[in-house]
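Visitor: below is the sequence, then the predicted model.
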Amino acid sequence: MASEYFKNIYYLKSYDAKRTDWNIKKFKYNVTINNEKNDYADSEEYTYIGLENIESWTGKIIETNEFIPQGIATKYETGDILFGKLRPYLAKVYLAEKSGYCTTEAIVMSCHSELYPKYLFYFLISSIFIKEIDSFTYGAKMPRINWETIGNLPIIYPTIKKQEEIVDLLDHQTSHIDELINQKQKLIGLLEEQKDTLITKAVTKGIEEDVKMKPSYNQWIGEIPEHWIKSKIGFCFDIKLGKMLQTEPKYDDDVLKPYLRAANVQWNEINRDSIYEMYFDKKEIGELKLKKRDLLISEGGDVGRSCIWNDDEEMYYQNAIIRAREPKKINVKVEFLYYWIYYLKMSGILNLICNTATISHYTAEKVNSTILIYPEIEEQNMIIEYIESNVKPIEDIIRKTSTSIEYLKEYRSALITSAVTGQIYVRDFRNENNDGNDI
């Protein structure tokens, strides 16, 4: 059965009279692969590009301060195109503006005379092409695509003149889309700062004005309200690390149960896209079953990322998560702890606690010993209500703005795919958009 990729290319070429000047050839007849390898340590005057330096779907360069590897690298020239063969679904494609070296995880392509390099760049980041090659990857944990597979795929393209017209159109339109996205991302950044400032003040200074302060004797936190209590999380909550992954039963009475991973724990929400099962014994079922109002804290990865479990659904958790549970006699509400950990994370204090210079882990021991300052329950309730009533409108705007960014990215991708597969005509598109609105 033909894929969507083949259907689009061959159907449009065969049945549309306007495409008589479009050609179809396999990649290997239009592109030369550069396999020249050199020791990058001897070529420090050239730029090195790793896949981490290429932004997905846009091909923009991301500057990083990461250590540049020494060793074998692939040489590329001005006008060459770098295509990331590791996890190709990320669409890491770069059109070289000058000569340099790149990771061997990139395929370096040079266009023949019938292909305009920028047109090939847009074709390679088109969603229909990425979807097609992703179906040919090999390797479960580190999926890759090889040149032999890409080389045998067809590419559709018009004359060089029309390729240049398509590129001009896409450059113009995508630059406007990218600017809109950039503006919206800046707005989200400002809103996030406003949210962080609000939460920080509420959980470290309170919401009352003209309160007498005292030193916290903590270099990161500074002064705190005089009547607040200084303690540690482990003195106020029951802390429990989750279970190591167990995919096979060890005992006859082991049973499969659903569990949460760190990836499921997002700020203030559970991501339910992928919830798996593993085996638990009777003791573990008693100890690791979640209850309402349990706070789930990421132990690794994005350390400290947290949310409150408020469901009746039976659920357990893996050892990448730490659970904090209120004791019978509550001194600190779990909502206050959530906002406290949020403050520690956003202020950078949690990274210092976890020593993120190495592989960071917010272990149960570190959670237990983490500083916690708090007022009496009545004032906690006031602070929680204040934060939630003021943060919700900010989060609503962030959510709507993020959604609009995703729509713009989808439109950008659809426009590129339509243009490089001949589904829109440059002149017709310009005539339809000559009212001053580019998008």
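Guide: Structure's in. What do you need?

Visitor: rest of the way, CA atoms for contacts and neighbours
Guide: OK.

Visitor: mind giving me the domain ranges of the protein?
Guide: In terms of domains, the chain is parsed into 4-157, 159-193+200-206+377-439, 229-374 (source: automatic domain parsing).

Visitor: closest one to residue 217 among those domains?
Guide: Shortest distance between residue 217 and those, using C-alpha to C-alpha, is found for domain 229-374: 9.9 Å.

Visitor: what's the end-to-end length of the closest one?
Guide: The first and final residues of domain 229-374 sit 5 Å from each other (C-alpha to C-alpha, to the nearest Å).

Visitor: hang on, the earlier thing: could the domains of the chain go into CSV alongside distance to residue 223?
Guide: Conversion of those to CSV gives the following (distance: least, C-alpha to C-alpha, whole Å):
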stretch, distance to residue 223
domain 4-157, 35
domain 159-193+200-206+377-439, 8
domain 229-374, 11
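
Visitor: just the pLDDT for residue 42.
Guide: According to the predicted model, the pLDDT of residue 42 comes to 54.

Visitor: please apply the same query to residue 5.
Guide: With respect to pLDDT, residue 5 has a value of 79.

Visitor: ok so, going back, and the domains of the chain: which comes nearest residue 221?
Guide: Counting by C-alpha to C-alpha, residue 221 lies closest to domain 159-193+200-206+377-439 out of the domains of the chain; the figure is 7.5 Å.

Visitor: and the closest one, how far out from the chain's middle?
Guide: 15 Å (C-alpha atoms, centre = their mean, to the nearest Å).

Visitor: what about it, average pLDDT?
Guide: Averaged across domain 159-193+200-206+377-439, pLDDT comes to 90.

Visitor: ok, residue 246 to residue 301 distance?
Guide: In this structure, residue 246 and residue 301 are separated by 20 Å, where distance is defined by C-alpha to C-alpha.

Visitor: adding mean neighbour count, write the domains of the chain out as JSON lines.
Guide: Compiled in JSON lines, those are given as follows (neighbours: other C-alpha atoms under 10 Å):
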{"stretch": "domain 4-157", "mean neighbour count": "17"}
{"stretch": "domain 159-193+200-206+377-439", "mean neighbour count": "16"}
{"stretch": "domain 229-374", "mean neighbour count": "18"}
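
Visitor: what about the strands in the stretch 101-250 of the chain?
Guide: Under the criterion DSSP state E, counting those that start in this stretch, the stretch 101-250 of the chain carries strands at the ranges 106-111, 154-157, 213-215, 223-225, 229-232, 238-241.

Visitor: okay, the ones you listed in a markdown table with distance to residue 320 next?
Guide: Formatted as a markdown table, the entries for these read as follows, by distance: least, C-alpha to C-alpha, whole Å:
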| stretch | distance to residue 320 |
| --- | --- |
| strand 106-111 | 32 |
| strand 154-157 | 44 |
| strand 213-215 | 35 |
| strand 223-225 | 32 |
| strand 229-232 | 22 |
| strand 238-241 | 8 |
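
Visitor: nearest to residue 318 among these would be which one?
Guide: The stretch from the strands of the stretch 101-250 of the chain with the least distance to residue 318 (C-alpha to C-alpha) is strand 238-241; that distance is 7.9 Å.

Visitor: the closest one pairs with which strands?
Guide: With DSSP bridges as the criterion, the sheet partners recorded for strand 238-241 are strand 321-325 (antiparallel).

Visitor: what does the strand it pairs with contact?
Guide: Outside of strand 321-325, the residues within contact range by C-alpha atoms under 8 Å, 6 or more residues apart in numbering are 237-242, 260-262, 293-300, 334, 363-364.

Visitor: mind listing which of these are in helices?
Guide: Cross-referencing those against helices under DSSP state H gives 334, 364.

Visitor: quickly list what residue 269 is bridged to.
Guide: Bridge pairing for residue 269 (DSSP bridges) gives the partners residue 266.

Visitor: who are the contact partners of the closest residue to residue 114 other than its chain neighbours?
Guide: For residue 114, the nearest residue in space outside its immediate sequence neighbours is residue 160; the separation is 6.5 Å by C-alpha to C-alpha, 6 or more residues apart in numbering. For residue 160, the residues meeting the contact criterion (C-alpha under 8 Å, 6+ apart) are 114, 115, 116.

Visitor: got a list of what the second one touches?
Guide: Going back to what we said before, that points to residue 115. For residue 115, counting by C-alpha under 8 Å, 6+ apart, the contacting residues are 30, 157, 160, 163.

Visitor: from memory the second one sits against residue 163, does it?
Guide: If I follow you right, that is residue 157. Yes - taking C-alpha atoms under 8 Å as the definition, residue 157 is a contact partner of residue 163 at 7.2 Å.

Visitor: doesn't residue 256 lie inside a strand?
Guide: Yes - going by DSSP: H, G, I helix; E, B strand; the rest coil, the assignment for residue 256 places it inside a strand.

Visitor: and it, bridged to which residues?
Guide: Partner residues in beta bridges with residue 256, using DSSP bridges, are residue 279.

Visitor: i'd like the first residue to be 56 from this point on
Guide: With the count now opening at 56, the last piece we talked about shows up as residue 311.

Visitor: and it, how far from residue 326?
Guide: Applying C-alpha to C-alpha, one obtains 20 Å for the distance of residue 311 from residue 326.

Visitor: also residue 140?
Guide: Taken as C-alpha to C-alpha, the span from residue 140 to residue 326 is 29 Å.

Visitor: OK, contacts around the closest residue to residue 424 other than its chain neighbours?
Guide: The shortest distance from residue 424 to any residue that is not its chain neighbour, by C-alpha to C-alpha, 6+ apart, is 5.6 Å, and that residue is residue 287. Taking C-alpha under 8 Å, 6+ apart as the contact definition, residue 287 lies against 423, 424, 425, 426, 427, 428.

Visitor: among these, which lie within helices?
Guide: Cross-referencing these with the helices (criterion: DSSP H) gives 423, 424 as the overlap.

Visitor: so which of the contacts of residue 287 comes closest to residue 154?
Guide: The shortest gap between residue 154 and any of these belongs to residue 425, at 50.0 Å (C-alpha to C-alpha).

Visitor: I'd say that closest one and residue 288 touch.
Guide: Yes - between residue 425 and residue 288 there is a contact under C-alpha under 8 Å: 5.7 Å.

Visitor: against residue 214, how distant is the closest residue to residue 360 other than its chain neighbours?
Guide: Once its chain neighbours are removed from consideration, residue 360 has its nearest residue in residue 353; the separation is 5.3 Å (C-alpha to C-alpha, 6+ apart). When C-alpha to C-alpha is applied, the distance between residue 353 and residue 214 equals 54 Å.

Visitor: equivalent analysis for residue 169, please.
Guide: Distance of residue 169 to residue 214, computed by C-alpha to C-alpha: 7 Å.

Visitor: now the contacts of residue 170 in a markdown table, with distance to residue 178?
Guide: Below are these laid out as a markdown table (distance: C-alpha to C-alpha, whole Å):
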| residue | distance to residue 178 |
| --- | --- |
| 85 | 13 |
| 212 | 9 |
| 215 | 14 |
| 218 | 11 |
